[in-house]
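In: From the sequence below, what's the structure:
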Amino acid sequence: MEAIAMSRDEFKKLVREAFIDVLTERRDLIEDAVIEAIEDIGLGMAMEEGRTGEYVDKAVFLGKLEDKVKRTK
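Out: Now for the predicted structure:
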């Protein structure tokens, strides 16, 4: 493979054009990324809201989880 010399401005222009192509031709990629980011933000906010400093005993939690799994079968 041959090396290509290019100026910073040429490189920026090339990257900009590629980005514009992705935005116009592969909107699904951008849409998926935005949806995932929004979901991550929502999860983070829910985690922050749920932090009360109160903790549940591990055995109690696992018992309730096991009961729930058994009921769904």
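
In: hey, let's count contacts and neighbours off CA atoms from now on
Out: OK.

In: Put the alpha carbons of the helix ranked longest in the chain into CSV.
Out: The residue-count maximum for a helix in the chain (DSSP state H) belongs to helix 27-50. Extracted in CSV, the C-alpha atoms of helix 27-50 (Å, rounded to 0.1, in the frame of the first residue of the first chain):
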residue,chain,number,x,y,z
ARG,A,27,-29.2,7.7,8.9
ASP,A,28,-30.0,4.5,10.7
LEU,A,29,-26.5,4.4,12.2
ILE,A,30,-26.9,7.9,13.6
GLU,A,31,-30.4,7.1,14.8
ASP,A,32,-29.2,4.0,16.6
ALA,A,33,-26.4,5.9,18.3
VAL,A,34,-28.7,8.7,19.5
ILE,A,35,-31.3,6.2,20.8
GLU,A,36,-28.6,4.3,22.7
ALA,A,37,-27.2,7.5,24.2
ILE,A,38,-30.7,8.6,25.4
GLU,A,39,-31.3,5.2,26.9
ASP,A,40,-27.9,5.4,28.7
ILE,A,41,-28.7,8.8,30.0
GLY,A,42,-32.1,7.6,31.3
LEU,A,43,-30.5,4.6,33.0
GLY,A,44,-28.0,6.8,34.6
MET,A,45,-30.7,9.2,35.9
ALA,A,46,-32.7,6.2,37.2
MET,A,47,-29.7,4.9,39.0
GLU,A,48,-29.0,8.3,40.6
GLU,A,49,-32.6,8.6,41.7
GLY,A,50,-32.7,5.1,43.1
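
In: next SSE after it?
Out: Proceeding N to C from helix 27-50, the next assigned helix or strand is helix 58-72, under DSSP states H and E.

In: How far off centre is that following helix?
Out: From the chain centre to the centre of helix 58-72 is a distance of 29 Å (C-alpha atoms, centre = their mean, to the nearest Å).

In: Which positions in it come out as buried?
Out: Neighbour counts using 16 or more other C-alpha atoms under 10 Å place no residue of helix 58-72 among the buried ones.

In: what residue is smack in the middle of the protein?
Out: Glu36 (4.2 Å; C-alpha atoms, centre = their mean).

In: Would you mind measuring from that one to Gly42?
Out: Glu36 sits 10 Å away from Gly42, going by C-alpha to C-alpha, to the nearest Å.
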